[in-house]
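Visitor: Okay, structure incoming, though there's no sequence with it:
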Ligand SMILES: Nc1ncnc2c1ncn2[C@@H]1O[C@H](COP(=O)(O)OP(=O)(O)OP(=O)(O)O)[C@@H](O)[C@H]1O
């Protein structure tokens, strides 16, 4: 079944709900919508981006308190007079304050890994809670009451039924914007955050920026939910914006399924209804002392983590018969409208990359010792050597993953050691990894399109509003063309994790080619390939070379290397022990002794 029919059905049900349901249930649905908006942001942050925040409730509080203060205060201070007490102005101001606070907290914590972000959001959540509780003009612990209704055109949204439409329309818009974002160039960068940051950076993605983008979006959703909440309730106090509420939101996300946007509605729905139900029925059984629903929820979290770590949404999808399931909607690729921008290829034969006396020490161990090598446009150079010789370390110095202890790496005449792999990617260097770095749940096409990240420039807002579709089509065309070129044209919409290891290596080559690099660094490209695949790869590399690309490869397969490359550099114990044409290297005494153990 097509997703658009499902959406339509859902929209219809939503439209008629307030007309047929009793007021009490409409109120419940309003809470579900308000919670789902916050949870949607969390799904983006936690499920997609892999970052945990306990502080979303405090951000809801910013939106709620801003509008409560502005619309319910009789004499606003002079500097807020421009808002005229309008809830709509308060919405804008609330979003602005939220963005500033998100940038502040994000700026301090997003670069740190591990527990710093969750701890930072807890600290931020607690301090905002106490701020709301202690500031007199915000009503202290008793909060602000008499918050007026929102006026929309000629309507006053002064009942649950009327607020229902505003809440759910905003939620649907947020869902659509989020879906649009995730299916775009920026979205691919965001989806790479969870487990693919090193890869994404080496494809030119600014991962810190991507983290900040989803942190800010999640904060905006929370703030809007707070704005709606304040006008839905007509009064607020600090309690719903505390740490407990922050944990509740996270639980809703886990319950629905952090991996799915629709999990936001499901998680918020089940949680809100279950809490209501438990609050109504547990006191009947156990008496009205104590918050028994909290204990039950605690137990539920433990059971859920065990039985459905991915949440309930994927389980429900599995229960739906195949023919009723929403089909994966793939972007319908049409012929490209224009060539993507690309860097000029240097003149054939010119020096592309030079390593000058590169030394890398790990404590007392010298992994690379005074290494010198150069690569020219239109040349394939192999770096070989026995295990532990220092090839991968050298590779990392050249690609910016690591910084040499001493010596220089010069790329197209410019010193690049010390620059980030993202900066180096921008100059025209692209690479594959010894241990493949793909995003297993994304399609092969999307994985490869990440390689073309630097060749597009449409940003977050353009993606959300679908103003990027022409560029997106051109980017996907490039990815498709590179996949066809490497022989993976039949697997465009296969989940990358389902490819065989050899195919995943080839996928990485297609991804690197999407960047149109002048230098391609390949780390053991032939490992895991079958004979025919190796031949096809050798043909492809030969063709790229003839087009003027420079290729450096680290490889253990000697047949593959000796029949393909122009020159070979041999390493042992971190040092260069030989350099020359393949046929010279095959006869070199030192190489035979060291690398081949003198047996050949
Ligand atoms: N981050 C690190 N910290 C400490 N030692 C390291 C680090 N990375 C590599 N080494 C050491 O540096 C030496 C060279 O390792 P490297 O991985 O570069 O060799 P290699 O030639 O790529 O080997 P292989 O062919 O097995 O991949 C090894 O002794 C390794 O243990």
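Guide: Arrived safely. Quick caveat, the model's predicted, so the values are computed rather than measured.
Visitor: residues in this structure within reach of the ligand, list them.
Guide: By the rule Cβ under 6 Å from any ligand atom, the part of the chain lying against the ligand is 362, 365, 367, 385, 387-393. (Glycine included, C-beta is placed from N, CA and C.)
Visitor: Secondary structure and neighbour count added to the residues you listed, as JSON lines?
Guide: Written out in JSON lines, the entries for these read as follows (DSSP: H, G, I helix; E, B strand; the rest coil; neighbours: other Cβ atoms under 10 Å):
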{"residue": "362", "secondary structure": "strand", "neighbour count": "11"}
{"residue": "365", "secondary structure": "strand", "neighbour count": "10"}
{"residue": "367", "secondary structure": "strand", "neighbour count": "22"}
{"residue": "385", "secondary structure": "coil", "neighbour count": "24"}
{"residue": "387", "secondary structure": "coil", "neighbour count": "6"}
{"residue": "388", "secondary structure": "coil", "neighbour count": "13"}
{"residue": "389", "secondary structure": "coil", "neighbour count": "24"}
{"residue": "390", "secondary structure": "coil", "neighbour count": "23"}
{"residue": "391", "secondary structure": "helix", "neighbour count": "27"}
{"residue": "392", "secondary structure": "helix", "neighbour count": "19"}
{"residue": "393", "secondary structure": "helix", "neighbour count": "23"}
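Visitor: from those residues, which single one is nearest residue 168?
Guide: residue 392 (53.3 Å; Cβ to Cβ).
Visitor: Let me know the helix or strand that the nearest residue to the closest one once chain neighbours are set aside is in.
Guide: Closest residue in space to residue 392, ignoring its immediate chain neighbours: residue 434 at 5.9 Å, by Cβ to Cβ, 6 or more residues apart in numbering. Element membership of residue 434, judged by DSSP states H and E, is empty: it is in no helix or strand.
Visitor: wait, residue 434 sits on residue 391?
Guide: No: counting by Cβ atoms under 8 Å, residue 391 is not a contact partner of residue 434; they are 9.1 Å apart.
Visitor: which residues are common contacts for the two?
Guide: Contact criterion Cβ atoms under 8 Å, 6 or more residues apart in numbering; residues shared by residue 434 and residue 391: residue 554.
Visitor: Show me the helices in the stretch 201-350 of the chain, by range?
Guide: In order along the chain, the stretch 201-350 of the chain carries the following helices (DSSP state H, counting those that start in this stretch): 207-233, 243-256, 263-286, 292-307, 312-319.
Visitor: Turn those into a markdown table, columns for mean pLDDT.
Guide: As requested, the helices of the stretch 201-350 of the chain are exported to a markdown table (pLDDT from 0 to 100):
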| stretch | mean pLDDT |
| --- | --- |
| helix 207-233 | 97 |
| helix 243-256 | 92 |
| helix 263-286 | 86 |
| helix 292-307 | 81 |
| helix 312-319 | 85 |
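Visitor: Take those and write them to CSV, including distance to residue 464.
Guide: Putting these into CSV (distance: least, Cβ to Cβ, whole Å) gives the following:
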stretch, distance to residue 464
helix 207-233, 9
helix 243-256, 21
helix 263-286, 17
helix 292-307, 31
helix 312-319, 22
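Visitor: Can you lay out those as CSV showing mean neighbour count?
Guide: CSV is the format used below for the helices of the stretch 201-350 of the chain (neighbours: other Cβ atoms under 10 Å):
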stretch, mean neighbour count
helix 207-233, 25
helix 243-256, 24
helix 263-286, 18
helix 292-307, 13
helix 312-319, 14
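Visitor: if I look at the closest residue to the ligand within the stretch 101-250 of the chain, how far off is residue 521?
Guide: In the stretch 101-250 of the chain, no residue comes nearer to the ligand than residue 198, which is 13.5 Å away by Cβ to the nearest ligand atom. Counting by Cβ to Cβ, to the nearest Å, the gap between residue 198 and residue 521 amounts to 14 Å.
Visitor: neighbour-wise, which of those two wins?
Guide: Each of residue 198 and residue 521 has its neighbours counted (other Cβ atoms under 10 Å); residue 521 has more, 25 against 13.
Visitor: Leaving out sequence neighbours, find the closest residue to the residue of the stretch 101-250 of the chain closest to the ligand.
Guide: Leaving out its chain neighbours, the residue that sits closest to residue 198 by Cβ to Cβ, 6+ apart is residue 437, at 6.5 Å.
Visitor: That neighbour and residue 199 touch, don't they?
Guide: Yes: at 3.9 Å, residue 437 and residue 199 qualify as touching, with contact defined as Cβ under 8 Å.
Visitor: Give me the more crowded residue out of those two.
Guide: A count of neighbours by other Cβ under 10 Å puts residue 199 above the other of residue 437 and residue 199, at 24 against 20.
Visitor: and residue 90, which of the three is it?
Guide: When states are read from DSSP: H, G, I helix; E, B strand; the rest coil, the local structure at residue 90 comes out as helix.
Visitor: ok, it - contacts?
Guide: For residue 90, the contact set (Cβ under 8 Å, 6+ apart) comprises 66-67, 69-71, 83, 227.
Visitor: hang on, the earlier thing: the residue of the stretch 101-250 of the chain closest to the ligand is in contact with residue 402, isn't it?
Guide: No: between residue 198 and residue 402 no contact is recorded; they are 11.2 Å apart, counting by Cβ under 8 Å.
Visitor: what about the chain, any weak spots by pLDDT?
Guide: Along the chain, the model assigns pLDDT under 70 to residues 1-3, 288-290, 326-328, 595-600.
Visitor: switch to 80 and redo it
Guide: For the chain, the stretches with pLDDT under 80 are 1-7, 10, 111-114, 282-294, 297, 301, 321-329, 594-600.
Visitor: Do you have the strands of it handy? List them.
Guide: Assigned strands in the chain, in chain order: 150-152, 155-157, 351-362, 365-376, 380-384, 406-411, 414-415, 429-431, 519-523, 550-554, 567-572, 575-580 (criterion: DSSP state E).
Visitor: Only the buried residues of stretch 93-105, if you could.
Guide: Residues of stretch 93-105 classed as buried: 93-95, 97-99, 101-102, 105 (neighbour count, 16 or more other Cβ atoms under 10 Å).
Visitor: Report the distance from stretch 189-208 to the chain centre.
Guide: Computed by Cα atoms, centre = their mean, to the nearest Å, the separation of stretch 189-208 from the middle of its chain amounts to 7 Å.
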